[in-house]
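1. Predicted coordinates and the sequence they were generated for:
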Amino acid sequence: MGYISVIGAGSWGTTLACLMAEKGFDVALWVYEESLAAEMHEKRINSTYLPDIILPDNIKISSKLEDALRRSRYIISAVPTQHTRAVFKEASQYIPAGAVMVSVSKGIERGTLLTVSSILKEITGHDIAVLSGPSFAKEAVAKKPTAVTLAAKDKDTALLLQEVFNTNHFRVYTHDDLIGVELGGALKNVMAIASGISDGLGLGDNARAALITRGLAEMRRLGVAMGAKAETFSGLSGLGDLVLTCTSTTSRNYTTGIKLTKGMKLADILAQTKAVSEGVDTAESAFQLSQKHNVEMPIVEQIYKVLHEGKKAADAVNELMNRALKSEF
């Protein structure tokens with residue numbers, strides 16, 4: 001069936017390693033922390049990110065990139081966005097020439113404003129496919145029904161990877177709009193922080209529904225300006241992921257927004273968990289992209305100012321509600 005390397009052993013990387021192992025693939029799971037790798041090898045659990053799941057025997061745990069990559073037929077990049085460049089600069093020398101690479105991270109790199117597939121292609125020279133959609137790790141690994149999108153430029157690659165990833169409980173659809181799928185996955189995290197702020201302030205269900213709808217409009221506007229298809233944002237990687245992360249306390253970004261309204265400082269919120277709230281850094285990148293492409297994104301702008309300029313959440317809400325009136329479409 002081929003050898004699969006999963007680079008990054010957070011909750012999502014570990015989940016995908018388990019799904020692939022249960023399909024019969026031999027899987028190498030690269031773990032950044034040597035101590036966690038040793039514990040996972042010995043006890044067969046990821047106590048930091050996915051403590052309730054026993055790792056299948058056909059997952060090989062390694063903290064050495066060379067060991068994890070040398071036999072790869074398929075490589076899944078599950079490294080947090082802001083660390084992807086550093087990890088794959090080292091990893092690139094070990095990637096087999098014919099390996100098929102898939103990014104499952106959701107974010108935009110600070111400074112360069114690149115999506116993860118663009119970072120990986122720049123470093124490795126490989127074409128990169130993207131897997132995204134509404135998929136909390138704990139539900140997917142527990143075999144609860146989940147549907148996602150697999151985007152690749154090459155149709156044959158998309159169909160191949162669809163077969164690789166699809167299971168009876170993990171349904172995979174194909175698409176060819178990489179930038180749209182990636183932007184949906186990245187930008188929804190910013191909107192999830194906004195939704196958490198809205199709920200944390202007690203603004204109600206009406207406000208959340210409006211936020212999700214207008215947030216989707218902002219995501220679509222930026223996507224189209226950057227060459228994405230408008231309809232992509234109505235799909236699983238857009239609306240689907242947006243609804244999920246804007247309405248559940250399982251979402252780290254949503255709970256970050258709630259905590260901000262309770263008077264907690266952002267640095268303290270981020271220090272509480274090893275899991276990454278991708279929306280914090282993506283808010284800055286998204287705001288800069290909106291300026292670069294001259295796209296109006298008022299929710300993104302206000303979340304950027306709350307997170308990175310110390311603006312009060314209540315003032316941000318007031319400013320959004322008192323903007324000049326306009327047509328919806």
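-> That came through, no problem.

2. what sits against Gly215?
-> Each residue near Gly215 by CB atoms under 8 Å, 6 or more residues apart in numbering is listed here: 187-188, 190-191, 194-195, 242, 246, 299. (C-beta placed from N, C-alpha, C; glycine too.)

3. Most widely separated two among those residues?
-> Leu187 and Ser195 (12.7 Å; CB to CB).

4. domain assignment for this protein?
-> Domains of the chain are assigned by automatic domain parsing as 3-176, 187-321.

5. Export those as CSV, with columns for distance to Phe329.
-> Supplementary listing: those in CSV, determined by distance: least, CB to CB, whole Å:
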stretch, distance to Phe329
domain 3-176, 24
domain 187-321, 9
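
6. got TSV for these, with mean pLDDT too?
-> TSV is the format used below for the domains of the chain (pLDDT from 0 to 100):
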stretch	mean pLDDT
domain 3-176	97
domain 187-321	96
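
7. want to throw the contacts of Gly215 into JSON lines with distance to Asp26 and secondary structure?
-> Listed next are the contacts of Gly215 as JSON lines, based on distance: CB to CB, whole Å; DSSP: H, G, I helix; E, B strand; the rest coil:
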{"residue": "Leu187", "distance to Asp26": "35", "secondary structure": "helix"}
{"residue": "Lys188", "distance to Asp26": "33", "secondary structure": "helix"}
{"residue": "Val190", "distance to Asp26": "37", "secondary structure": "helix"}
{"residue": "Met191", "distance to Asp26": "38", "secondary structure": "helix"}
{"residue": "Ala194", "distance to Asp26": "42", "secondary structure": "helix"}
{"residue": "Ser195", "distance to Asp26": "40", "secondary structure": "helix"}
{"residue": "Leu242", "distance to Asp26": "35", "secondary structure": "helix"}
{"residue": "Cys246", "distance to Asp26": "38", "secondary structure": "coil"}
{"residue": "Ile299", "distance to Asp26": "44", "secondary structure": "helix"}
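
8. and which of those residues is nearest Glu328?
-> Ile299 (14.9 Å).

9. That closest one contacts Ala217, correct?
-> No. Applying CB atoms under 8 Å, one finds Ile299 not in contact with Ala217, separated by 9.2 Å.

10. Could you say which helix or strand holds Leu307?
-> Using DSSP states H and E, the element containing Leu307 is helix 298-308.

11. what packs against that helix?
-> On a contact count with 3 or more CB pairs under 8 Å, 6 or more residues apart in numbering; DSSP states H and E, helix 298-308 meets helix 178-200, helix 205-225, helix 278-292, helix 313-321.

12. roughly how far apart are the residue nearest to Gly240 when sequence neighbours are not counted and Asp241?
-> In space, and not counting its chain neighbours, Gly240 is closest to Pro134: 4.2 Å by CB to CB, 6 or more residues apart in numbering. Using CB to CB, to the nearest Å, we find Pro134 at a distance of 5 Å from Asp241.

13. neighbour count winner among the two?
-> Asp241 (28 against 23; other CB atoms under 10 Å).

14. Show me what the host helix or strand of the more buried one is in contact with.
-> Element membership of Asp241, judged by DSSP H and E, is helix 241-245. Contact partners of helix 241-245, identified using CB under 8 Å, 6+ apart, comprise 132-136, 184-185, 188-189, 191-192, 195, 212, 215-216, 219, 251, 253-254.

15. Buried residues in stretch 296-310, which are they?
-> 297, 299-307 (16 or more other CB atoms under 10 Å).

16. make that stretch 151-162, sorry
-> So for stretch 151-162, counting by 16+ other CB under 10 Å, buried means 151-152, 157-158, 160-162.

17. rewinding a little: of Leu187 and Ser195, who's got more company?
-> A count of neighbours by other CB under 10 Å puts Leu187 above the other of Leu187 and Ser195, at 33 against 29.

18. pretty sure the more buried one is touching Ala217, no?
-> No. Leu187 lies out of contact with Ala217 (CB under 8 Å); the separation is 11.3 Å.

19. Grab the nearest non-local neighbour of the residue most central in space within the chain.
-> The centre of the chain sits closest to Lys106, judged by CA atoms, centre = their mean, with a distance of 2.4 Å. Leaving aside its chain neighbours, Lys106 sits nearest to Gly185 (3.7 Å; criterion: CB to CB, 6+ apart).

20. Pretty sure Ala68 sits in a helix.
-> Yes. Membership of Ala68 in a helix is supported by DSSP: H, G, I helix; E, B strand; the rest coil.
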